[in-house]
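1. Build me a model:
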Amino acid sequence: MKEKLKTKSSQKLADFLETNKIHKKDFAQMIGVTLSYIYNLIDNTIPFSTRSTTLERIATVMEVEPEIFEEYRLPQEPIIIDESVIKIKDAMKAKKIKVTDFLKTFPRNKRLDIVDMLRGALPLPIDYNELKSICHSIDISQEEIFNIWQNRFKQILELSGMNIYSNSEFINTLSNCAKKYILSN
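-> Predicted coordinates:
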């Protein structure tokens, strides 16, 4: 019985780029590396990356788990993806929007931040307009965008040391005021 050979990481990357008709330059920009680095990875001129950040970015854009790359080592600290990012990912899946297509809706200088947000390395932005631009790319309703923003706002208050439960009346007043302002504009 012949043992099935594992596909090398460089070949997985090359196959993905070809299948999805993604230019190497666009892919390099999406994961924060140079074009020559991508060419060298695919051509096996250099060993495939063992840096977890790079592998996680590649995996995020390819919409696979980073463990499919034999070079990947589990990070020492767990990556925490917050529920709002999961909502965004679920909306993308429901609308059958590929990560690469989603990324192309953003200016080139913003794509790497979006990849890092999707892989759990960056939090969602607190800036409502920035969050709105992310959510509008996948047709999330204005009401749901506000709910995502409100959850992020509460996270920041809590991380800053505020007990959001004992200050719930204050937070609800702030949220209602913000909702009235945001949804009226």
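2. what does stretch 25-36 contact?
-> 17, 24, 37-38, 54, 57-58, 61, 100, 103-104, 108, 111-112, 115 (Cβ atoms under 8 Å, 6 or more residues apart in numbering). All C-beta spots, glycine's among them, are computed from the backbone N, C-alpha and C.
3. quick check: mean pLDDT across whichever strand or helix holds Tyr39?
-> Counting by DSSP states H and E, the element that carries Tyr39 is helix 35-42. Mean per-residue pLDDT for helix 35-42: 93.
4. tell me the domain ranges of the protein?
-> With domains defined by automatic domain parsing, the chain comprises 9-68, 83-184.
5. and the longest one, what's its mean pLDDT?
-> In other words, domain 83-184. 91.
6. and the end-to-end length of it?
-> 26 Å (Cα to Cα, to the nearest Å).
7. dump the residue contacts of Phe153.
-> The contact partners of Phe153, taken as Cβ under 8 Å, 6+ apart, are Ile126, Leu174, Ser175, Ala178.
8. most surrounded residue in the residues you listed?
-> Using other Cβ atoms under 10 Å as the neighbour criterion, Ser175 leads the contacts of Phe153 with 17 neighbours.
9. Against Glu71, how distant is it?
-> Distance, Ser175 to Glu71, by Cβ to Cβ, to the nearest Å: 45 Å.
10. Give me the buried positions along stretch 124-140.
-> The neighbour-count check on stretch 124-140 (16 or more other Cβ atoms under 10 Å) flags Leu124, Pro125, Tyr128, Leu131, Lys132, Ser133, Ile134, Cys135, Ser137, Ile138, Ile140 as buried.
11. Might you report the residue contacts of the spatially most central residue of the chain?
-> Most central in the chain under Cα atoms, centre = their mean is Leu118, positioned 1.6 Å from the mean C-alpha point. By Cβ under 8 Å, 6+ apart, the contact set of Leu118 is Thr60, Val85, Ile88, Lys89, Val99.
12. Do I have it right that Tyr72 meets Arg51?
-> No. Assessed by Cβ atoms under 8 Å, Tyr72 is found out of contact with Arg51, at 9.7 Å.
13. Those two - which one has more neighbours?
-> Tyr72 (21 against 12).
14. ok, back up a step: among the contacts of Leu118, which ones are in helices?
-> Thr60, Val85, Ile88, Lys89, Val99 (DSSP state H).
15. what residues are up against the second one?
-> With contact set as Cβ under 8 Å, 6+ apart, Val85 has these partners: Met117, Leu118, Gly120, Leu124.
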